[in-house]
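Asker: kindly return the folded structure for what I paste below:
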Amino acid sequence: MAFLTQAEKTALAEQIRLAESKTSAEIVTVIANQSDHYRYIPMLWAALLSLSVPGLYFLFQHFSTNGWTYSGESVDELVRVYYVQVLLFLGLGMLIQYPPFRFWLVPQSIKHGRAARHAREQFLLQNLHQTASRTGVLVFVSVAEHYVEIIVDTEVAAVVDNDVWVETVNEFISCTKRGEIAEGFTRTINHCDEVLSKHFPDKGGKPDELPNNLIEIFLD
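Answerer: The predicted structure is shown next:
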């Protein structure tokens, strides 16, 4: 699975190269299909719903028998409730593992938290914190979470307020929701070009320290 065509990747790498020719900053782009498997979510929901079975059964018995008194067959009935509980747990556990259901059940705060952590991991893994001028800029996208973040190193953060990137990030998120990821990268790199060339102009002779090609991450 590829989010951009080869032609779009080549164009993006050239756009980054041209932007970096005007600034001492380094720009790295990373895209991930998702930032976590969230495999524990189906089990939590399955456990919660299956644990509610006895309570629902007792509530039904209470209203259907005018109290909490059961017949001599109540033991067999409770065994059947246990069977229902186990089958419900196993069935839901497997059903909710299907990715669309799984992601729908994950709270947005958890998805954004995982994506934010993943972005910071990539900032370190791609050595953006080790540029000579400490002006590394990461454009991170996690598609499944519709999450976009721009993370900058210390020198950029000291000069450029984070609010400068907010409008660009929101525009990129809108692009990801429409499936226009290449357009989102194009607009974002254009904005980075404008901001970085203004505050950190190239003084000549700066080596290209980090790769310009789009880095793709796919979690199974």
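Asker: from here on, just use CA atoms for contacts and neighbour counts.
Answerer: Fine.
Asker: would you map out the domains in the protein?
Answerer: 6-37+108-217, 40-105 (automatic domain parsing).
Asker: among the ones you listed, which is the most enclosed?
Answerer: domain 6-37+108-217 (a mean of 18; mean count of other Cα atoms under 10 Å).
Asker: run the chain-centre distance for that one.
Answerer: Centre-to-centre, domain 6-37+108-217 and its host chain are 15 Å apart (Cα atoms, centre = their mean, to the nearest Å).
Asker: and it, how far apart are its ends?
Answerer: 16 Å (Cα to Cα, to the nearest Å).
Asker: again, but for stretch 198-210
Answerer: 21 Å.
Asker: which residues sit against it?
Answerer: For stretch 198-210, the surrounding residues in contact (Cα atoms under 8 Å, 6 or more residues apart in numbering) are 21-28, 126-128, 131, 159-160.
Asker: and the average pLDDT for the helix or strand harbouring Tyr83 is what?
Answerer: Tyr83 belongs to helix 74-95 when assigned by DSSP states H and E. Helix 74-95 carries an average pLDDT of 77.
Asker: which SSE is immediately downstream of that helix?
Answerer: Criterion used, DSSP H and E; the element after helix 74-95 is helix 99-105.
Asker: now the phi/psi pair for Ile151, please.
Answerer: phi -110, psi 130 (degrees, to the nearest 10).
Asker: thought it was touching Thr135?
Answerer: No. At 10.5 Å, Ile151 and Thr135 do not qualify as touching, with contact defined as Cα atoms under 8 Å.
Asker: how long is stretch 130-146 end to end?
Answerer: OK, stretch 130-146 end separation, Cα to Cα: 28 Å.
Asker: can you list contacts of that stretch?
Answerer: So stretch 130-146 is in contact with 24-35, 103, 111-112, 115, 119, 123, 128-129, 147-156, 173, 176-177, 209, going by Cα under 8 Å, 6+ apart.
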